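A.B. asks: sequence first, then the predicted structure:
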Amino acid sequence: MPASLLEHTLTSELTRDVTTTSGESVPVIAPFTGTLLHDLPTSSVSDVQDAYSRARLAQIAWARAGFAHRRAVLLRAHDLLLQRRELFLDTLQAETGKTRGQAFEEVFQAASVTRFNALAAYGVLRGGRRRAGIPLVITTRVRYRPKGVAGVITPWNYPFSLAAMDVVPALAAGCGVVQKADNQGALSILALRRAFIDAGVPEQLWAIVTGDGPSIGGAVTQDADYICFTGSTATGKIVAAQAATTLTGASLELGGKNPLIILDDVDPTKAAVNAASACFSSLGQLCVSTERIYVERGVAARFLDEFVATTKNLALGSAFDYTADVGSLTSQAQLDRVTAHVKNAVDQGATVQAGGRARPDLGPFFFEPTVLTGVTPEMDCFASETFGPVVSVSIVDSEQEAILAANDSNYGLNASVFSGSPQRGLRVATALEAGSVNVNEGYRGSFSSVAAPMGGIKQSGLGRRNGPEGLLRFVDAITVSRATGLLQLPRFGHEFAQLAGPMVLLAGVLKAVRRR
């Protein structure tokens, strides 16, 4: 582990930023070694309430500061994210067990999100004139008012980028944030926050609270003016139910069982390499990673041979450099779940084509990237999210069969299709039921397109992050109309009698000139 993370001063300086008066802490384990990484202070319900109170006061001044000030602060933060990237990469690897390359994806994503929201907020949220019901007689404008303080709940698997995708647009829109960081990802989030504070974000505007979800999650939800949650579908439903009690808006990015279709016109070697990246980045601990592959029979044998060979050749490792292709699972709970899914499948007749075993010789939570065939509906990994390095490969006889199989899921977060024909790939993409669809790419195309919305359908969530839609989550649209006095609108019976005819004529004229 790099010396920077062994320095007590680094972790103690960052963890002092946790909002807490409880005096309690929990141990955080380093996935690569299974040893203590640091002790994390935890927050109480009263700490969460205090964080909201302070954030509300800070938010008033932040909203009044205006778009230009917020843009300048966020652009300074963008530069600090890039300047401090080596520290962030060390922290992300130490907390999550991912490779340096996949940690770099997170830092780059956070910088991209920050730059987009800094530069887009004014154009999206400045408001302006809208066509009035009766032109010239009425003028109408729309303005956007920040909702207040957003409650943000983020998981451990992509702590840096997922925090940025919810927190930064909230800040750009003029909101404050109380964020519940997962214990395993808190140090990365605290390092991210510190860069924004150093760039000029008021300290009390963005508060970090920590602790078990059942203990403080309800308080984060209860006091929020808007809620952002990333996590499992089961927990997301609980958050949605809590939000409903106060009629609070929410965006929820939840689970997935993401399919990849391999059409019979692909280059098998190229498709195998791209599929391995789609399945095993961050060792499958990514909401949008592939867990189901459907390959057309005409190319199935060649693709499977190449895919198995590519998977077996992936370099597992814990180095804090770019030598490893895949890293470690993050916790014992993750290892237990992956192990159970593979065992359940094998016990019921599935075949392990690659991987299928833990690697304690590399570290306590390492597990080999695993390819299964013969997976059937009664197996746990058939329809339930594994959230680990396990993918099933099934052969289909046609493009239509592949589409039907891909869509046969309660989830709809991400989907992919590989084809040698761009037109064919795009045609199949339009038939797939998912919030994001990638052609000849597993997930990075849509994940990196921060100007476009991202989110799930079906049991994979509600709402969208990124793009203009991601900014509009954090504001209320307010319509202001004014009577010009040029003509009095009808109010009483005799006035309607006089003006009904001209108003009908006006409606016809507006239609004729294509005025909405």
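C.D. replies: Nice, thanks for sending it over.
A.B. asks: and the residue positioned nearest the centre of the chain, what is it in contact with?
C.D. replies: Taking CA atoms, centre = their mean, the centroid of the chain lies closest to residue 162, which sits 4.9 Å from it. If you count contacts by CB atoms under 8 Å, 6 or more residues apart in numbering, residue 162 has them with 154-155, 230. C-beta: built from backbone N, CA, C; applies to glycine.
A.B. asks: the strands in the stretch 401-516 of the chain, which residues?
C.D. replies: Along the stretch 401-516 of the chain, the segments classed as strands by DSSP state E, counting those that start in this stretch run 411-412, 414-418, 436-439, 457-458, 461-462, 475-483.
A.B. asks: could you say which of the ones you listed is packed most deeply?
C.D. replies: Ranked by mean neighbour count under mean count of other CB atoms under 10 Å, the strands of the stretch 401-516 of the chain are led by strand 414-418, which reaches a mean of 29.
A.B. asks: quick check: mean pLDDT of that strand?
C.D. replies: Taken as a whole, strand 414-418 has a mean pLDDT of 98.
A.B. asks: what sits up against it?
C.D. replies: 256, 258-263, 266, 271, 274-275, 278, 287-288, 290, 406, 425, 428-429, 432-443, 446.
A.B. asks: again, 7 Å this time
C.D. replies: Under the contact criterion CB atoms under 7 Å, 6 or more residues apart in numbering, strand 414-418 has outside partners 256, 258-263, 266, 271, 274, 278, 288, 290, 406, 425, 428-429, 432, 434, 436-443.
A.B. asks: quick check: which element contains residue 93?
C.D. replies: In this assignment (DSSP states H and E), residue 93 forms part of helix 85-96.
A.B. asks: enumerate the positions of that helix that are buried.
C.D. replies: 85, 87-96 (16 or more other CB atoms under 10 Å).
A.B. asks: then stretch 358-375?
C.D. replies: Using 16+ other CB under 10 Å as the burial criterion, the residues of stretch 358-375 that qualify are 358, 362-375.
A.B. asks: how far is it from where the chain is centred?
C.D. replies: 26 Å (CA atoms, centre = their mean, to the nearest Å).
A.B. asks: now do stretch 274-288
C.D. replies: Relative to its chain's centre, stretch 274-288 lies at 15 Å (CA atoms, centre = their mean).
A.B. asks: what bits of the stretch 101-250 of the chain have low per-residue confidence?
C.D. replies: Counting by pLDDT under 70, not a single residue of the stretch 101-250 of the chain qualifies.
A.B. asks: strands of that one, residue ranges please.
C.D. replies: Assigned by DSSP E, counting those that start in this stretch, the stretch 101-250 of the chain shows strands spanning 128-130, 138-146, 149-154, 176-181, 206-210, 226-230, 249-253.
A.B. asks: may I have the last one exported as CSV, CA atoms only?
C.D. replies: Read that as strand 249-253. Taking C-alpha atoms only, strand 249-253 is exported to CSV below (Å, rounded to 0.1, in the frame of the first residue of the first chain):
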residue,chain,number,x,y,z
GLY,A,249,-39.0,13.9,-5.0
ALA,A,250,-36.4,11.2,-5.5
SER,A,251,-34.1,9.8,-8.1
LEU,A,252,-33.1,6.1,-7.6
GLU,A,253,-30.5,4.2,-9.5
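A.B. asks: which other helices and strands does it contact?
C.D. replies: Where contact means 3 or more CB pairs under 7 Å, 6 or more residues apart in numbering; DSSP states H and E, strand 249-253 is packed against strand 226-230, helix 233-245, strand 461-462.
A.B. asks: got the angle between the following helix or strand past that strand and strand 414-418?
C.D. replies: As assigned by DSSP H and E, the chain's next helix or strand after strand 249-253 is strand 258-262. With axes from the mean of the first three to the mean of the last three CA atoms, to 10 degrees applied, the angle from strand 258-262 to strand 414-418 works out at 10 degrees.
A.B. asks: starting from strand 258-262, tell me which strands it pairs with and how they run.
C.D. replies: Here strand 258-262 has these sheet partners by DSSP bridges: strand 290-296 (parallel), strand 414-418 (parallel).
A.B. asks: how many neighbouring residues does residue 394 have?
C.D. replies: The burial count assigned to residue 394 is 19, neighbours taken as other CB atoms under 10 Å.
A.B. asks: ok so it is a helix residue?
C.D. replies: No: Residue 394: not assigned to a helix; according to DSSP: H, G, I helix; E, B strand; the rest coil it is strand.
A.B. asks: could you give the bridge partners of it?
C.D. replies: Note on residue 394: beta-bridge partners residue 294, judged by DSSP bridges.
A.B. asks: how close does it sit to residue 12?
C.D. replies: Residue 394 is 51 Å from residue 12, where distance means CB to CB, to the nearest Å.
A.B. asks: what's the answer for residue 319, then?
C.D. replies: As judged by CB to CB, residue 319 and residue 12 stand 26 Å apart.
A.B. asks: cool, residue 345 as well?
C.D. replies: 45 Å.
A.B. asks: who's more crowded, those two?
C.D. replies: residue 345 (27 against 12).
A.B. asks: helices along the stretch 301-450 of the chain, start to end?
C.D. replies: Counting by DSSP state H, counting those that start in this stretch, the stretch 301-450 of the chain has helices at residues 332-347, 380-383, 399-407, 422-429, 444-448.
A.B. asks: any chance of those in JSON lines, with mean pLDDT and distance to residue 20 too?
C.D. replies: Shown next, in JSON lines, are the helices of the stretch 301-450 of the chain (pLDDT from 0 to 100; distance: least, CB to CB, whole Å):
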{"stretch": "helix 332-347", "mean pLDDT": "98", "distance to residue 20": "24"}
{"stretch": "helix 380-383", "mean pLDDT": "97", "distance to residue 20": "38"}
{"stretch": "helix 399-407", "mean pLDDT": "98", "distance to residue 20": "45"}
{"stretch": "helix 422-429", "mean pLDDT": "98", "distance to residue 20": "47"}
{"stretch": "helix 444-448", "mean pLDDT": "96", "distance to residue 20": "33"}
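A.B. asks: among those, which is nearest residue 59?
C.D. replies: helix 444-448 (29.4 Å; CB to CB).
A.B. asks: that closest one: how far from the chain's middle?
C.D. replies: Here helix 444-448 is found 11 Å from its chain centre; the criterion is CA atoms, centre = their mean.
A.B. asks: elements contacting it?
C.D. replies: strand 436-439.
A.B. asks: how about residue 283, nearest residue that isn't a chain neighbour?
C.D. replies: residue 389 (4.7 Å; CB to CB, 6 or more residues apart in numbering).
A.B. asks: that neighbour and residue 156, how far apart?
C.D. replies: 16 Å.
A.B. asks: looking at these two, which is more packed in?
C.D. replies: For residue 389 versus residue 156, neighbours defined as other CB under 10 Å are more numerous around residue 389 (29 against 23).
A.B. asks: phi and psi next, for the closest residue to residue 420 other than its chain neighbours.
C.D. replies: The shortest distance from residue 420 to any non-neighbouring residue, by CB to CB, 6+ apart, is to residue 265 (3.8 Å). Phi and psi for residue 265, reported as degrees, to the nearest 10, are phi -110, psi 10.
A.B. asks: just to revisit the earlier point, using a markdown table, lay out the strands of the stretch 101-250 of the chain together with mean neighbour count and distance to residue 450.
C.D. replies: Below are these laid out as a markdown table (neighbours: other CB atoms under 10 Å; distance: least, CB to CB, whole Å):
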| stretch | mean neighbour count | distance to residue 450 |
| --- | --- | --- |
| strand 128-130 | 10 | 24 |
| strand 138-146 | 16 | 20 |
| strand 149-154 | 28 | 17 |
| strand 176-181 | 28 | 18 |
| strand 206-210 | 27 | 20 |
| strand 226-230 | 27 | 16 |
| strand 249-253 | 22 | 14 |
